[in-house]
Structures are given as C-alpha cells and as structure tokens.
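Colleague: Predicted model and sequence below, questions to follow.
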Amino acid sequence: MSVEGSLSDLRLKLKRVFARYYLDLCSPAIPDPSFAFDACRRYLDAWSESAEYGLVEGELSDEVEKLAGEIEQDLRQKHKGLGECFRDEPLDERFWEVVQQSRRSANR
C-alpha cells in the first residue's frame, strides 16, 4: 500500500481530525479544515486502493454516511451541549464538504 498507515488507522485519524474541526466550527475559534482535508484524502486514497475495483460512488456515499453518523454519535456522547451546533451546522453536510474538497484536491 502506498499510503502510510493501515486503513483502520487512517479511518480513525479522519474521525478524530474531523471531530476537532467540527468542534472548532461550534466555537468562537476560526476553523481550519486543511487537516481534515488531508486526513480525508489519505483515507479515501487508501480505501480506494483496498477496493477490488477502485472507488465506487455508491460505496463512497455509504461510507461517508456511516462515518458522519459515527462521528456525530461520538460527539453527542462526549459533548452534551452541541445540540444547537448540530442544528446550525449539520455535521453530515460539513463532512460531505470535506470529502468533496479532498477529492477535488486529489484530482489536481
């Protein structure tokens, strides 16, 4: 595998990095998505390489929805006061933005 780290390690790193970015979105801090873009690109590259026929859009949608759900569930358990942020900054939409941007930057 040409990317560093196992697929599960890269997946966990993406979840952690995106969660930090999302918490910044919910705070007065200025959120910097660059680490989330990088972690997402690395994970998707490794995931695509591990797939028998490459990255398939339907599978990507399923994986993104699954990841976003896991991240939101983790954040809801650890940070009880984020209800308003989840309403104002839907996590799944923000996660899709990161996925789309990371894929665009990988195609350059």
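Modeller: Structure received.

Colleague: Okay, now the unreliable bits of the protein?
Modeller: Across the chain, the ranges flagged by pLDDT under 70 are 1-4, 52-57, 106-108.

Colleague: can you pull out the helices in it?
Modeller: Ranges of helices in the chain, per DSSP state H, are 7-25, 34-50, 57-78, 83-88, 91-106.

Colleague: which residues are contacting the longest one?
Modeller: Counting by Cβ atoms under 8 Å, 6 or more residues apart in numbering, helix 57-78 makes contact with 11, 14-15, 18-19, 22-23, 44, 47, 51, 82, 86, 91-92, 95-96, 99, all of which sit outside it. Yep, even glycine has a C-beta here, placed from its N, CA and C like the rest.

Colleague: of those, buried ones?
Modeller: With neighbours counted by 16 or more other Cβ atoms under 10 Å, those contain buried members at 11, 14-15, 18-19, 22-23, 44, 47, 82, 86, 91, 95, 99.

Colleague: re the thing from before, give me whichever of the helices of the chain is most buried.
Modeller: Ranked by mean neighbour count under mean count of other Cβ atoms under 10 Å, those are led by helix 34-50, which reaches a mean of 19.

Colleague: which helices and strands does that one pack with?
Modeller: Here helix 34-50 touches helix 7-25, helix 91-106, going by 3 or more Cβ pairs under 8 Å, 6 or more residues apart in numbering; DSSP states H and E.
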